[in-house]
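S.K.: sequence first, then the predicted structure:
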Amino acid sequence: MGPVRLALLLSVAAVLAAAGAVYIPYNTSAGVVPGKLNVHVVPHTHDDVGWLKTVDQYYVGSNNSIQGACVQNVLDSLIPALLKDENRKFIYVEQAFFQRWWRNQNDMIKDTVKGLISSGRLELINGGMCMHDEAAVHYIDMIDQTTLGHKYIKEEFGQIPRIGWQIDPFGHSAVQAYLLGAEVGFDAFYFFRIDYQDRDTRKGTKELEVVWRGSKTLGSSADIFAGIFPKNYEPPPGDFYFEVDDNSPVVQDDPLLFDYNVEERVNDFVAAAVAQANITRTNHIMFTMGTDFKYQYAESWFRNMDKLIHYVNKDGRINALYSTPSIYTDAKYAANEQWPLKTNDFFPYADNPNAYWTGYFTSRPALKRYVRMMSGYYLAARQLEFFKGRYSSGLSTDSLGDALALAQHHDAVTGTEKQHVANDYAKRLSIGYTQAQELVSTSLACLTESGSKSRCASPVTKFSQVSPWLVFILFYQMAPILFFALRILMMRITLRVEGVSSRLPMSLLRGISNVELREVDVDAQFQSHGPVVSSCAVSAECSSLQGGGQFSVHECPGSGQLIECPEELCQFGSQQGVGQISVLTEELCQFGSQQGVGQISVLTGPGNGQLNGCLEDHNQIGCQQVGALAGNLGSVADCEVLLPRESPVAATSPPLLLRPKPIQVYFRRRRGARRVEETALGSSPSQPPAAAVNVSTSRVSEFLSSITKECLLLNVTYCPPSEMDLTKGKSLVVLVYNSLGWKREDVIRIPVFSDSIVVHDSEGREIESQLLPIATASLNIREKHVKAYLGTTPGAKPKFWLAFPVSVPPLGFNTYFVSNLKKSAHISSKSTQYSPQGSESSNLQVGQGNLKLQYNEAGKLSLYSDSKTMVQANFEQKYKYYIGQDGNGSDPQASGAYIFRPNGTVPISTDGQVSLTVLRGPILDEVHQQINSWIFQITRLYKEKDFLETEFIVGPIPVDDGNGKEVATEIVTNMVTNKTFYTDSSGRDFIKRIRDYRSEWKIEVHQPIAGNYYPVIFRLLPSLCFFNEVNLGIYVEDGSKELSVLVDRSIGGSSIKDGQIELMLHRRLLHDDGKGVAEALNETVCLDKQCEGLIIQGKYYVKIDPQGEGARWRRTFGQEIYSPLLLAFTEQDGGNWANSHVAKFSAMDSTYSLPDNVAMLTLQELEDGSVLLRFAHLYEAGEDKDLSSLASIDLKRVFPEKKIGKVIETSLSANQERAAMEKKRLKWKAQGSAADEKVVRGGPVDPSKLVVELGPMEIRTFIVSFDHISDKQQL
């Protein structure tokens, strides 16, 4: 028996001898002890902001039949547990949850929590709204969601997170390390998921902790300490899970009870610590004490950790202490160690030989596209929000920003969530977009009416937008619900119909929770000249509805909170869109939806107690009249009868109280109002002044019609504004907004009916245009999906796409006019249609400009030729699909949402004779090809562009043979690429890839296809020459070409063979892959009770350049894909629109644009009127002979009508000054660092010159404040 064990037994004996001494004061005060192994016990929880349940279900703890998780319980139980012992510590990550919880706390709890945070006992780390993914996200989205969280933490708590904590994303990007790590001021970055072979290798060499140099260009200036967990982010081996429903043995230290196990638990803890110390450098290790949604009863965890720390330290072999990653990082830094150097990234990730997590690179491609388009729209909307003035009309981009932040979560944009959760992400994006869209339309109208000379709140011009809103919803399961219900619910319907009941079909509201329909007789805005109470409530009681179903009362105030309004003027709560509404005592009818009712609000009359509400499960719904308002406004009307489409469905469980705002629709009906003379100040409030009542005779059907006047379904060839009748003298006004910082030349396309059309620019000049017949495949999709979303079959089908060139100034717009043929007009050219037959197909050439494509007799692309660059290459493009492994063999691993595991290494090809139709014209040529019954594509060559565009429609993928399928397209050349290709890292840097090779260990190849797939955010580039270790090469061996492919969303891609690129476009699988989601990735669309597989429509772009010249196109056009032109429509009678409106506008100096190597990532007005401004250099060092150089931006010319007062450079997330960040950030020692490293960064901004410099790959962030607004312009 050793001395330690003997001492422990003697201690136990002493306790037993003292019969009543059962209280043990646990000593948890230990700090770092030099010379001992220090175990940093880090309590934490990992809370997904959506995965198996929605973010709100996770927060409130509902839908527990799926997963028993409640984040509200975690945070509620955490605070008292921390207060019990001042040594206890905890870290929290997901701001989306923490902010929900914080809003519901009283001042006393808030003060307590602020004290815990300021003392370091509760540390907010990572700090973003979510723990974002690192493969399927774009770097701008990563920055935005992190900035949103960091801003809140700084403003509310005065704290600056200093640790990155990305413990659950499925692989890790170089951009995360240097951009979302070092550049936001983090000192360290901790994570878990790397390839199992890599982890095993690193354990053997003690290289789980490294200095990560994510950027070749920024070098050591952006190094960060990176720690990889040896097993997972859970407690160490030995059963240390202490949730009340966990099975681990608790520390039982009461000698008067059975199962005393202190010695056993201490030994388990020490053994786990020693094992981890043997694979870790220095005498500090971290134990992550927690995992997914743990600490719902926090005291259970802390009680056991208190005991472990107490008894382990009493044992004396090691030292255990409550800690945080910040404390742990400081201890590592103090060790003065020289750490292994890590470059590139940690993709792909595999956790066993047949489980490569590369399927999610493509999973849910429609959601990925929707997120990407919303991101580009958000960038443009914030610019227009600044031009118009933030909050000037009560509209903002905040809701869209919040939704986008959630969508970056590692189980959101990745496509690895359950279907109902994917629907929830889409719904939030849709709601956010709807609010931002109204702001954008108003801002554009203001700018066209007054340019930039003044702010305006109520422009006369009304714009409809071509929007990305339904690009995702288009083929998505819940589209019919979202299209009507969300559009209606998020916009105030101001119907005041003289003597006619308003009607809205109940069927439009099915499936939407938290819906309120209110019918109010008069909407009169009272001016508060007299002693009028501005915010009050009717003196009435709240009552629950009686009848079928279960309901909850909406925000019922206590009787003491009710304020009598003498004039019976009432403001109902602070809900969105509710102002001061003049109320008749029969004031409110509120109808719940047939399914998913959120809240039903009812009032009883002040005198008779009759129910003034509605039963949700009654076909006929009515309100009781309880009297009429005497005085200035009169009339009472009975409630509307709403008939649902089908039999009502009673609620099966109590509805949730959804915060922060219920969604409401108001029907206002004027039945007889008379003007009351304005009273003098101090007169009786019983005679309040009334504003004039605005009367409209519009009906609901007319309002619904107005919804369809926006091009929300342009991607199914449905755009009512552009399909208008131009034969009656009207013209279509097309405003084109450019959110980029440089002038943009492009071609836009809109559907039209007429074949006699002329287009004029903003200066009245006729411009060339082209009409292209719309493909039958596109019209078939239009027919089906317009009916699905609008509830009616669309009218006559448009015949043509109208294509015409546009030229748009930087950060500005230009206007074009589409009208019917006039005698003097140069009408649009009709495309020549050509369908070659037989031998005519041989060597068919397509292309009007420098770039030409050649097709062979089989209808396949065979040759790419550019006469300008003299580049020519054998070139073939085709489709194939992999059969997804079903998991029924000896290895149960199936292909699923996470995992790509094809059944064998040979793809099943869809090759064969392919017919084609060629459309030729002065602007572009198109080649239409029906590849098979469920794949259609259009290849476009624009006369003035030197790349090809391929638009594809894939689906429904057939699975009636019992096999899931994963569809890919291939581009095949005859180039020898030596297994080498390049993919981008989150849309930013390029990473070199070598097939079946890893630079840091000798890989065992078990999955030769899935193991060579990588995330492609923007571009994939195979090296068409021999390269050494320098990216983009030094010399050419068998050619001098670069083949680049750009994509419109994040997808998976590879080069499985030399000279070949493949992109996975769509996946439909029939088996779950066993990684937790418990659903097969089988997205379907159900129309008229018939369900079929999801259809995906998308684009990719291809260009071949001489060696060393491809970066210019990749970088510039990549920005154009991310920030597409925004189209808005209105109409004009005659030709006077341009004379009365600003037709062309740029926020910049008219002679200025940003340099070709610089992009403006952020232009956002902050609450105090200052501006968050972010610029990015687009090129890596050595990537382009001219543009990989220092760039300069003249802020005076960016804001020509503003007087800049102050420019403060900040960290990337704008929560601290850059200089202070650099001064305090830890500088780590790395093995093998280059002594002659040359990093180019921009210098300080001279306050007199106001010129910003950017070095290659540098992103700089500023807070710009303005002294005053000039008389000439008020942006």
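M.R.: Looks like it came in fine. Numbering: from 1, shown residues only.

S.K.: just the terminal-to-terminal distance for stretch 162-177.
M.R.: The first and last residues of stretch 162-177 sit 13 Å apart, counting by CA to CA, to the nearest Å.

S.K.: actually stretch 1175-1193, not the one I typed
M.R.: Separation of the first and last residues of stretch 1175-1193 by CA to CA is 9 Å.

S.K.: neighbouring contacts of that stretch?
M.R.: Outside stretch 1175-1193, the residues that touch it by CB atoms under 8 Å, 6 or more residues apart in numbering are 216-217, 989-990, 1030-1032, 1108-1109, 1111-1112, 1115-1116, 1119, 1154-1161, 1240, 1242, 1251-1260. Yep, even glycine has a C-beta here, placed from its N, CA and C like the rest.

S.K.: what's the answer for stretch 218-225, then?
M.R.: Residues external to stretch 218-225 that are found in contact with it (CB under 8 Å, 6+ apart): 164, 177-179, 181-183, 186-189, 209-215, 329, 332-333, 339, 1226-1228, 1230, 1233-1234, 1237, 1239, 1241, 1257-1258.

S.K.: swap in 7 Å and give it another go.
M.R.: 177-178, 181-183, 186-189, 211-215, 329, 332, 1228, 1230, 1233, 1237, 1239, 1241, 1257 (CB atoms under 7 Å, 6 or more residues apart in numbering).

S.K.: what's the offset of it from the middle of its chain?
M.R.: Its chain's average C-alpha position is 28 Å from that of stretch 218-225, according to CA atoms, centre = their mean, to the nearest Å.

S.K.: compute the first-to-last residue distance for it.
M.R.: One end of stretch 218-225 to the other measures 16 Å (CA to CA).

S.K.: which stretches of the stretch 101-250 of the chain form strands?
M.R.: Listed in chain order, the strands of the stretch 101-250 of the chain (DSSP state E, counting those that start in this stretch) span residues 122-124, 163-166, 188-191, 209-212, 224-228.

S.K.: partners of the strand ranked longest in the chain in the sheet?
M.R.: Using DSSP state E, we find that the single longest strand of the chain is strand 871-883. Strand 871-883 has its sheet partners listed here by DSSP bridges as strand 861-866 (antiparallel), strand 908-909 (antiparallel), strand 965-973 (antiparallel).

S.K.: next helix or strand past the strand or helix carrying residue 302?
M.R.: Element membership of residue 302, judged by DSSP states H and E, is helix 298-315. Beyond helix 298-315 on the C-terminal side, the first helix or strand identified by DSSP H and E is strand 319-322.

S.K.: keeping just the C-alphas, turn that following strand into CSV.
M.R.: These are the backbone C-alpha positions of strand 319-322, laid out as CSV (Å, rounded to 0.1, in the frame of the first residue of the first chain):
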residue,chain,number,x,y,z
ASN,A,319,-2.9,19.8,-9.6
ALA,A,320,-6.5,20.4,-10.8
LEU,A,321,-8.0,23.9,-11.0
TYR,A,322,-11.2,25.6,-12.3
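
S.K.: can you give me the angle the helix or strand following that strand makes with strand 224-228?
M.R.: Of the helices and strands lying after strand 319-322 in sequence (DSSP H and E), the nearest is helix 325-334. Counting by axes from the mean of the first three to the mean of the last three CA atoms, to 10 degrees, helix 325-334 points 110 degrees away from the direction of strand 224-228.

S.K.: counting contacts, what elements does helix 325-334 pack onto?
M.R.: Packed against helix 325-334 by the contact rule (3 or more CB pairs under 7 Å, 6 or more residues apart in numbering; DSSP states H and E) you find strand 38-43, strand 163-166, strand 188-191, strand 284-289.

S.K.: okay if I get these as JSON lines plus distance to residue 723?
M.R.: Listed next are the helices and strands packed on helix 325-334 as JSON lines, based on distance: least, CB to CB, whole Å:
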{"stretch": "strand 38-43", "distance to residue 723": "60"}
{"stretch": "strand 163-166", "distance to residue 723": "47"}
{"stretch": "strand 188-191", "distance to residue 723": "51"}
{"stretch": "strand 284-289", "distance to residue 723": "58"}
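
S.K.: domain-wise, how is this structure divided?
M.R.: Under the assignment automatic domain parsing, the domains of the chain span 3-194+196-345, 496-697, 717-830, 832-1107, 1148-1269.

S.K.: ok now the shortest one, how far from the chain's centre?
M.R.: Okay, so that is domain 717-830. Once both centres are worked out by CA atoms, centre = their mean, domain 717-830 turns out to sit 30 Å from its chain's centre.

S.K.: cool, and the fourth one?
M.R.: Its chain's C-alpha centre lies 25 Å from the corresponding centre of domain 832-1107 when counted by CA atoms, centre = their mean.

S.K.: which of the residues in the longest helix anywhere in the chain are buried?
M.R.: Longest helix in the chain, counting residues (DSSP state H): helix 419-450. Taking 16 or more other CB atoms under 10 Å as the basis for neighbour counts, the residues of helix 419-450 that come out buried are 419-449.

S.K.: ok, now stretch 155-174?
M.R.: When burial is assessed from 16+ other CB under 10 Å, stretch 155-174 yields the following buried residues: 156-157, 159-174.

S.K.: for residue 113, give me the pLDDT.
M.R.: The predicted local distance difference test score for residue 113 is 98.

S.K.: what do you get for the one 5 residues further on?
M.R.: Among the per-residue scores, residue 118 shows a pLDDT of 97.

S.K.: same thing with residue 725?
M.R.: 75.

S.K.: could you find the closest non-adjacent residue to it?
M.R.: residue 753 (7.9 Å; CB to CB, 6 or more residues apart in numbering).

S.K.: next, find the distance separating residue 1093 from residue 955.
M.R.: With the distance defined as CB to CB, to the nearest Å, residue 1093 ends up 5 Å from residue 955.

S.K.: higher neighbour count, these two?
M.R.: Neighbours were counted for residue 1093 and for residue 955 using other CB atoms under 10 Å; residue 955 has more, 24 against 20.

S.K.: pull the number of nearby residues for the nearest residue to the more buried one once chain neighbours are set aside.
M.R.: Spatial nearest neighbour of residue 955, chain neighbours left out: residue 1095 (3.8 Å); criterion: CB to CB, 6+ apart. When counting by other CB under 10 Å, one arrives at 21 neighbours for residue 1095.

S.K.: tell me what the host helix or strand of residue 1263 is packed against?
M.R.: Using DSSP H and E, residue 1263 sits in strand 1259-1269. With contacts defined as 3+ CB pairs under 7 Å, 6+ apart, strand 1259-1269 has these neighbours: strand 1171-1177, strand 1202-1210.

S.K.: among the ones you listed, which comes closest to residue 116?
M.R.: Counting by CB to CB, residue 116 lies closest to strand 1202-1210 out of the helices and strands packed on strand 1259-1269; the figure is 26.7 Å.

S.K.: against which helices or strands is the closest one packed?
M.R.: With contacts defined as 3+ CB pairs under 7 Å, 6+ apart, the packing partners of strand 1202-1210 are helix 1195-1198, strand 1259-1269.

S.K.: tell me the mean pLDDT over the longest one?
M.R.: Along strand 1259-1269, the predicted local confidence has a mean pLDDT of 90.

S.K.: show me which residues of it are buried.
M.R.: Within strand 1259-1269, the residues that count as buried by 16+ other CB under 10 Å are 1259, 1260, 1261, 1262, 1263, 1264, 1265, 1266.
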